[in-house]
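Asker: Sequence and predicted model, in that order:
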Amino acid sequence: MIVVGSPQDGQVRLFFGPRRSLSFVVPACGAALLLSAVPSGPSQANGAADATDAVQPPAARVQSAERTLSSRPPLRRVTISWRRVAGGLVQPTQVTSAPDGRKRLFVVEKPGRIRLVRDGAVAPKPYLGMAPRVDPAGEGGLLSVAFSPRFRRDGLLFVAYTRAADHDLIVARLKARSAGAQHVRATTLRPILRVEHSAETNHFGGQLAFGPNGRLYIGTGDGGGAGDPGNNAGDRRDLRGKILRIDPFHPCSGKRYCVPRGNPFVGKKGRGEIWLMGLRNPWRFSFDSRTDHLWIGDVGQDAYEEIDQLGPHPSRINLGWSCKEGRSTYNANRCRSGVKYVGPETVVAHPAAESITGGFVYRGHRYRSQLGGAYVFADFITHRVWAYRSGPGRVLQRKRLSGGPTSFGVDDRGEIYSVTYDGGLWRMRVTRR
Ligand SMILES: [Ca+2]
């Protein structure tokens with residue numbers, strides 16, 4: 001998310017700081033741009049349109065999920081703005097809801113808390129407090145929560161965090177006493193999966209989301225540094241630089257989860273948990289609630305920020321890194337003959353974007369006629385926001401959301417929210433021009 005290269009390589013590195021700001025910046029390739037990375041006040045948020053548009057067209061191979069686009073107004077006639085719902089959150093990394101109809105939002109805070117928001121009010125007592133277990137160094141911390149699809153009945157939720165001992169990435173299960181509880185005790189936490197990540201404090205990935213068939217999908221970064229020095233993303237024996245897929249509700253073979261039989265490396269050489277490989281730092285992915293397509297924002301290295309779209313049953317599972325960055329060859333030594341690398345849905349070239357924050361396909365009701373089926377995403381550093389449609393009706397636009405959008409989420413009704421690193425929670429609004 002936050003790292004763009006590394007100082008060892010004479011590139012740029014940004015760290016999350018202990019306070020609600022970026023702690024330092026080492027400009028190497030664009031100081032003017034980096035100045036915009038410093039979170040600023042909410043007054044600038046409902047931003048002005050940008051003049052240019054560097055997003056590239058989608059790869060021809062991608063089948064559009066949107067077949068009725070031409071009947072919808074072009075996105076260029078639509079304006080997205082952001083209404084501040086709450087502030088004072090501490091380095092929020094995610095906003096989400098639980099499938100329980102209670103109209104609550106949950107905001108994950110990087111230092112190790114989850115806050116409960118209802119009707120714009122942040123509950124003073126955290127929903128979950130687990131800071132002693134978390135190492136918030138670098139890009140680490142408490143990075144995601146996902147509620148069980150049967151949360152109403154089982155009260156189970158899952159978190160991803162970097163653990164205090166060695167900042168390895170941990171996926172753990174917790175149990176609420178009841179679905180309506182205002183607080184979940186950290187003592188109910190049970191780690192279920194560990195991903196080695198002790199060498200570096202960047203590129204953790206760390207997103208959780210339930211997808212089709214109630215499987216838990218887990219995004220992992222390539223292990224950090226720059227250029228994937230260990231070639232982890234391309235290694236099918238390594239859990240880093242992947243989207244993993246597990247069944248976290250049943251134990252198997254001495255583990256607290258099972259590997260679904262449909263995963264590509266089951267019965268083959270490679271880790272059975274792997275669903276997709278060849279990712280650098282999947283910083284926020286989501287499923288289209290209508291089509292089950294998986295949309296991934298994969299943070300780029302030097303040149304391209306990437307959006308990937310995959311159907312529910314992708315037959316090719318290597319997204320390219322570190323052979324490819326976007327559609328370009330990044331490191332030819334990492335490219336293997338016989339491997340079919342799946343190209344991105346679209347890319348945004350630097351410096352229009354520097355650290356992509358993947359979003360959601362809009363399936364809410366309120367703005368359905370204007371924005372239905374469009375993918376909304378942003379850039380953490382440049383603060384630009386895009387709405388995107390693939391296929392013949394593809395149109396793009398940019399609006400800024402200042403403060404550093406780290407994540408998007410949807411409420412019970414499918415309306416889109418964002419959290420910004422300066423502590424803001426925002427609700428998306430759409431108007432016709
Ligand atoms: Ca890629």
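Answerer: Perfect, thanks for sending it. In this text the structure is predicted, and so the values were computed from the model without any measurement.
Asker: How about the residue of the stretch 201-350 of the chain found nearest the ion, nearest residue that isn't a chain neighbour?
Answerer: In the stretch 201-350 of the chain, the residue that lies nearest the ion is G320 (3.6 Å; Cβ to the ion). Heads up, the C-betas are built off the backbone N, CA and C, glycines and all. In space, and not counting its chain neighbours, G320 is closest to Y341: 4.3 Å by Cβ to Cβ, 6 or more residues apart in numbering.
Asker: If that neighbour is in a bridge, with which residues?
Answerer: N318 (DSSP bridges).
Asker: from memory it sits against W321, does it?
Answerer: No: using Cβ atoms under 8 Å, Y341 makes no contact with W321, being 9.1 Å away.
Asker: pLDDT weak spots in this protein?
Answerer: Along the chain, the model assigns pLDDT under 70 to residues 1-73, 392-398.
Asker: Close to the ion: what parts of it are there?
Answerer: L319, G320 (Cβ under 5 Å from the ion).
Asker: Nearest the geometric middle of the chain, what residue?
Answerer: R284 (0.6 Å; Cα atoms, centre = their mean).
Asker: Kindly list the main-chain dihedrals of that one?
Answerer: Main-chain dihedrals, R284, degrees, to the nearest 10: phi 90, psi 120.
Asker: about what we covered before: which neighbours do Y341 and W321 share?
Answerer: Here Y341 and W321 have G278 as joint contacts, going by Cβ atoms under 8 Å, 6 or more residues apart in numbering.
Asker: Which parts of the protein are helices?
Answerer: 31-35, 151-154, 368-371 (DSSP state H).
Asker: Touching the last one from outside, list them.
Answerer: Helix 368-371 is contacted from outside by R72, P73, L75, V78, I80, Y362, A387, V430, T431, R432, using Cβ under 8 Å, 6+ apart.
Asker: what do you get for the second one?
Answerer: Applying Cβ under 8 Å, 6+ apart, the external contacts of helix 151-154 come out as A98, P99, D100, G101, S148, L157, K175, A176, A179.
Asker: For those residues, work out which two are farthest apart.
Answerer: Within the contacts of helix 151-154, two members stand farthest from each other by Cβ to Cβ: G101 and K175, at 19.5 Å.
Asker: Looking at the two, which is more packed in?
Answerer: Neighbour count, other Cβ atoms under 10 Å: between G101 and K175, K175 has more, with 15 against 10.
Asker: partner residues bridging T431?
Answerer: T79.
Asker: doesn't T79 make contact with it?
Answerer: Yes: in this structure T431 lies within contact range of T79 using Cβ under 8 Å: 4.9 Å.
Asker: Between those two, point out the one with more neighbours.
Answerer: T79 (17 against 11).
Asker: Return the residues in contact with that one.
Answerer: T79 neighbours (Cβ under 8 Å, 6+ apart): A49, K399, V430, T431, R432, R433.
Asker: which among those residues end up buried?
Answerer: Burial by neighbour count, 16 or more other Cβ atoms under 10 Å: within these this picks out K399, V430.
Asker: so which of the contacts of T79 comes closest to P132?
Answerer: K399 (39.1 Å).
Asker: What residues are bridge-paired with the closest one?
Answerer: V385.
Asker: mind checking how far it is from T382?
Answerer: 12 Å (Cβ to Cβ, to the nearest Å).
Asker: Is the residue of the stretch 201-350 of the chain closest to the ion in contact with K340, as I believe?
Answerer: No: when contacts are counted by Cβ under 8 Å, G320 is not listed as touching K340 (10.0 Å).
Asker: quick one: which of those two has more around it?
Answerer: G320 (29 against 10).
Asker: Could you export stretch 333-345 as CSV, CA atoms only?
Answerer: Provided in CSV are the C-alpha atoms of stretch 333-345 (Å, rounded to 0.1, in the frame of the first residue of the first chain):
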residue,chain,number,x,y,z
ASN,A,333,14.4,-13.2,-15.5
ARG,A,334,11.2,-14.0,-13.7
CYS,A,335,9.2,-14.8,-16.8
ARG,A,336,8.8,-18.5,-17.4
SER,A,337,8.0,-20.0,-20.7
GLY,A,338,4.8,-22.0,-20.7
VAL,A,339,3.2,-19.8,-18.1
LYS,A,340,0.2,-17.8,-19.2
TYR,A,341,0.2,-14.5,-17.4
VAL,A,342,-3.2,-12.9,-17.0
GLY,A,343,-3.1,-9.2,-17.8
PRO,A,344,-4.9,-6.6,-15.8
GLU,A,345,-8.3,-5.2,-16.4
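Asker: Check which residues of that stretch are buried.
Answerer: R334, Y341, V342, G343, P344, E345.
Asker: What is the neighbour count of the residue nearest to the residue nearest to the centre of the chain when sequence neighbours are not counted?
Answerer: The shortest distance from R284 to any non-neighbouring residue, by Cβ to Cβ, 6+ apart, is to G358 (3.8 Å). By the measure other Cβ under 10 Å, the count of residues near G358 is 26.
Asker: ok so, going back, residues in contact with the residue of the stretch 201-350 of the chain closest to the ion?
Answerer: So G320 contacts G278, Y341, V342, G343, P344 (Cβ under 8 Å, 6+ apart).
Asker: didn't the third one look like it was pressed against P314?
Answerer: Yes: at 7.2 Å, V342 counts as touching P314 under the criterion of Cβ under 8 Å.
Asker: do you know how far H293 is from T420?
Answerer: 26 Å.
Asker: out of the two, which sits in the busier spot?
Answerer: The neighbour comparison of H293 against T420 (other Cβ under 10 Å) goes to T420, with 30 against 23.
Asker: Bridged to the more buried one, which residues?
Answerer: Under the criterion used (DSSP bridges), T420 bridges to P405.
Asker: do the same with the one 5 residues further on
Answerer: L425 has the following beta-bridge partners by DSSP bridges: A86, V419.
Asker: So what's the residue count around it?
Answerer: Around L425 there are 25 residues (other Cβ under 10 Å).
Asker: wait, doesn't it sit right on Y417?
Answerer: Yes: counting by Cβ under 8 Å, Y417 is a contact partner of L425 at 6.4 Å.
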